[in-house]
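*Asks:* need the 3D shape of this:
(chains A and B)
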Protein chains: 2
Amino acid sequence: MKPASLLLLAAITLAPAAAIADQAASAPLQELAKTLPVPTADISPGMQKFIGAPLNPDWDKAWKTGEEARAYAIGQAAGVVKGIPAMLERLQVKLEPTTIGGVKVFVVTPATIPPENADKVLIHVHGGCYVLFPGESGTTEAIMMAGFGHYKVISVDYRMPPEAYFPVALDDAVDVYKAVLENTPAKNVAFFGTSAGGALALEMVLRARERGLPVPGAIAPGTPMSDVTKTGDSFYTNEKVDNILVSRDGFCDAATVIYAKGHDLKDPLLSPVYGDMHGFPPAILTTGTRDLLLSNTVRVHRNLRRAGVEAELVVFEGQSHAQYQFDDRLPETKEAFGEISKFFGDHLGH
Amino acid sequence: MKPASLLLLAAITLAPAAAIADQAASAPLQELAKTLPVPTADISPGMQKFIGAPLNPDWDKAWKTGEEARAYAIGQAAGVVKGIPAMLERLQVKLEPTTIGGVKVFVVTPATIPPENADKVLIHVHGGCYVLFPGESGTTEAIMMAGFGHYKVISVDYRMPPEAYFPVALDDAVDVYKAVLENTPAKNVAFFGTSAGGALALEMVLRARERGLPVPGAIAPGTPMSDVTKTGDSFYTNEKVDNILVSRDGFCDAATVIYAKGHDLKDPLLSPVYGDMHGFPPAILTTGTRDLLLSNTVRVHRNLRRAGVEAELVVFEGQSHAQYQFDDRLPETKEAFGEISKFFGDHLGH
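*Replies:* Numbering: from 1, shown residues only, chains lettered A, B, ... in the order given. Purely as a prediction, here's the structure:
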């Protein structure tokens, strides 16, 4: 039998294919240039526009200092904050700044909270590569979660460069958790966030454990920056396919290096995919097929499952990084937060 | 605020991004040529060899008739069958050809069946683009499932071109199911398969319903050929990245056209992603990040969830089409069948 036939044989379902793999040298693959049409099947028209948008022109911003990143973040935040009042109105949610455990937070309260959610608290850690979305601009995901899920949410306005560097953001979030535990049992608390917020949700579990705190009842890391060492296949396969992060050598990498301030990027408190996931709470992860962090997400999912943790994975067709939460008016956004809400409903309190 | 900042803003988490999408023309993306290293993190050495193997040199076989496809299938099957005795020995499984409901099958029995599995039956439908893996060569996945899951498995040796064309393969499988129902309640039966077998597992639910039969207790469609109209983003993003199927215009497409014999490829009995999934049984789906059918898989997962069906998704890092079942000695293979077994254990019998 020719090797060619053996390989096609391997293509579908077989046993003795190991032989082929041994014969063939394992080598990098040269992917040729190609055209990717905007996918439309099972995707709303609004989401198709996000998916079909050109590459983020700011993808290669290479900030060198916390001050540079902050200057950018301030301009960006102003734009985000302008959209918040209409969003609060649409989703019937109230936003109040306060302090919990000595840390600045926003308490995000939906107009109605069903009885089964009344004793639950969700702690939100926003994304933005550990440098973006200071203050109110970091609350949009918390507002969506409160509005779609009908839970009380505490969104942590953790300190970021240039005020503070690793691990202050994480410790601010864990300080909030510790304070919440004074009035709420851990099993009634969830952590959630996207991108750096997804990583923080995972890191918080590791850090809480280090500090002798119980793990929460559930977590929802959305497309987590779980490996900031540029390891993961989709850093290559989805390079310049993801129109948001675009490249492993983009703005998010520069920002993370600033935040880490020389600390080992492979530390599980920066790259939680390397953390020990035994004993983690049930987790739901969300990503998209074009997401630069598709591998960061599925590797966490696999590692959780390998550690015996209940974990669900949601992968949206065609979406780049975090697009499931770009516009609360799109059906995919409602769907993403609906999945997370259902997961929290099934797992909190037990 | 400049559009550039708005787009980066959209990058992480925001509300008013819809405005940007409206501004920017949605357009196909030009992906440049690039080099994909063999991923290694969280991947076993054996699986790295499969992932790093060159593109399947037979990917563009363009059979025109059932006879041509069968000639190829016969040569390939001989190679597969040679590996089966050692596999049966390794997994401690027995394979017996027989007939059920007038259809040729193999009964696949593990050496030990725990009491909770004793009244359960799994029906296996093999892959091979509806033309490959006749006879015993179609049983490898059934052997793995029996061996790893400790369930009795019936592997359907459904008729294929040139003996028979659509929908005979499907009806053979449903005939076996109907016969099994004489002795086993539907809630104790599962359907599973990979590739064309994954599609058949979905199509069997639709066809069973058409024929007035109850739906089974659970299904496990592995990287299903759920859309044979070449629709789905990963037909483009993973083109010539998946080293097994390689292209939407490859051997599997040619084979499916032969099987369909002029029938509309968008019929849910050929492209089950278009089927009504309300009332489907709980489902677990498996794929890989480089799989040409990644989108075929996640679209089915989303459509099941949108229809309110309990459905889990497993995505393996770096794997191309169906590589999770290429070698029963790899940890990822044990893991894939472990996930399915656990899912069946949780869902059958209720």
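*Asks:* okay, and the helix or strand of chain A with the least pLDDT?
*Replies:* Taking mean pLDDT, DSSP states H and E as the measure, the helix or strand of chain A with the lowest value is helix A:3-12, at a mean of 42.
*Asks:* what ranges do the helices span in chain A?
*Replies:* The residue ranges that make up the helices of chain A, judged by DSSP state H, are A:3-12, A:18-23, A:45-51, A:66-91, A:140-149, A:168-180, A:196-210, A:234-237, A:251-260, A:294-306, A:331-347.
*Asks:* quick check: mean pLDDT of the shortest one?
*Replies:* It stands for helix A:234-237. Per-region confidence: helix A:234-237 scores 98 on mean pLDDT.
*Asks:* how about the CA coordinates for it, as PDB?
*Replies:* This file holds the C-alpha atoms of helix A:234-237, laid out as PDB (Å, rounded to 0.1, in the frame of the first residue of the first chain):
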ATOM      1  CA  SER A 234      -4.300  30.100  16.500                       C
ATOM      2  CA  PHE A 235      -1.600  32.800  17.100                       C
ATOM      3  CA  TYR A 236      -0.400  31.500  13.700                       C
ATOM      4  CA  THR A 237      -3.500  30.100  12.000                       C
END
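*Asks:* who does it touch, helix- and strand-wise?
*Replies:* Here helix A:234-237 touches helix A:294-306, strand B:34-36, going by 3 or more C-beta pairs under 8 Å, 6 or more residues apart in numbering or on different chains; DSSP states H and E. All C-beta atoms are positioned from the backbone trio N, CA, C, and that covers glycine.
*Asks:* neighbours around the residue in the stretch 101-250 of chain A that chain B sits nearest to, how many?
*Replies:* Nearest to chain B, among the residues of the stretch 101-250 of chain A, is A:D233, at 3.9 Å (C-beta to the nearest C-beta). Around A:D233 sit 27 other residues, with neighbours defined as other C-beta atoms under 10 Å in any protein chain shown.
*Asks:* still on that earlier bit, of the helices of chain A, which shows the lowest average pLDDT?
*Replies:* With a mean of 42, helix A:3-12 has the lowest mean pLDDT of the helices of chain A.
*Asks:* A:G128 against A:A196, yeah?
*Replies:* Yes. With contact defined as C-beta atoms under 8 Å, A:G128 counts as touching A:A196 (5.9 Å).
*Asks:* and those two? Which one has more around it.
*Replies:* Using other C-beta under 10 Å as the criterion, A:G128 and A:A196 rank with A:A196 on top: 30 against 26.
*Asks:* how near is the more buried one to A:A336?
*Replies:* For A:A196, the distance to A:A336 equals 18 Å [C-beta to C-beta, to the nearest Å].
*Asks:* where's A:G345 relative to A:G83, distance?
*Replies:* Counting by C-beta to C-beta, the gap between A:G345 and A:G83 amounts to 28 Å.
*Asks:* ok, the two, which is more surrounded?
*Replies:* Set A:G345 next to A:G83 and count neighbours by other C-beta under 10 Å: A:G83 wins out with 20 against 17.
*Asks:* residues in contact with stretch A:341-350?
*Replies:* Applying C-beta atoms under 8 Å, 6 or more residues apart in numbering or on different chains, the contact partners of stretch A:341-350 are A:116-117, A:119-120, A:122, A:145, A:148-151, A:187-190, A:217-218, A:220, A:281-282, A:284, A:310, A:312.
*Asks:* make that stretch A:27-38, sorry
*Replies:* Here stretch A:27-38 makes contact (C-beta under 8 Å, 6+ apart) with A:48, A:51-52, A:237, A:241, A:318, B:26-38, B:52, B:54-55, B:233, B:236-237, B:239-241, B:243.
*Asks:* what comes up buried for it?
*Replies:* Of the residues in stretch A:27-38, those buried by neighbour count under the rule 16 or more other C-beta atoms under 10 Å in any protein chain shown are A:29, A:31, A:34, A:36, A:38.
*Asks:* who in the stretch 101-250 of chain A is up against chain B?
*Replies:* A:126-129, A:132-133, A:138, A:140-141, A:143, A:194-195, A:197, A:227, A:231-234, A:236-241, A:243-245 (C-beta under 8 Å from any C-beta of the partner chain).
*Asks:* report the buried members of these.
*Replies:* By the neighbour-count criterion of 16+ other C-beta under 10 Å, these include these buried positions: A:126-129, A:132-133, A:138, A:140-141, A:143, A:194-195, A:197, A:227, A:231-234, A:236-239, A:241, A:243-245.
*Asks:* just to revisit the earlier point, out of the helices and strands packed on helix A:234-237, nearest to A:Y274?
*Replies:* Set against A:Y274 and scored by C-beta to C-beta, the helices and strands packed on helix A:234-237 come closest in helix A:294-306, at 8.9 Å.
*Asks:* contacts for the closest one, please.
*Replies:* Contacts of helix A:294-306 (C-beta under 8 Å, 6+ apart): A:198, A:202, A:221, A:223-227, A:232-235, A:237-238, A:272-273, A:277, A:280, A:283, A:285-288, A:291, A:311, A:313, A:315, B:39, B:41-42, B:289, B:314-318, B:335, B:339.
*Asks:* C-alpha coordinates for that helix, CSV please?
*Replies:* The C-alpha trace of helix A:294-306 is given here as CSV (Å, rounded to 0.1, in the frame of the first residue of the first chain):
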residue,chain,number,x,y,z
LEU,A,294,-9.1,30.4,19.9
SER,A,295,-6.3,28.2,21.0
ASN,A,296,-5.9,30.1,24.3
THR,A,297,-9.5,29.3,24.9
VAL,A,298,-9.7,25.6,23.9
ARG,A,299,-6.5,24.8,25.7
VAL,A,300,-8.0,26.1,29.0
HIS,A,301,-11.1,24.1,28.2
ARG,A,302,-9.2,20.9,27.6
ASN,A,303,-7.0,21.5,30.7
LEU,A,304,-10.0,22.0,32.9
ARG,A,305,-11.6,18.9,31.6
ARG,A,306,-8.4,16.9,32.0
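*Asks:* ok, back up a step: adding distance to B:T65, write the helices and strands packed on helix A:234-237 out as CSV.
*Replies:* Output for the helices and strands packed on helix A:234-237, formatted as CSV (distance: least, C-beta to C-beta, whole Å):
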stretch, distance to B:T65
helix A:294-306, 39
strand B:34-36, 36
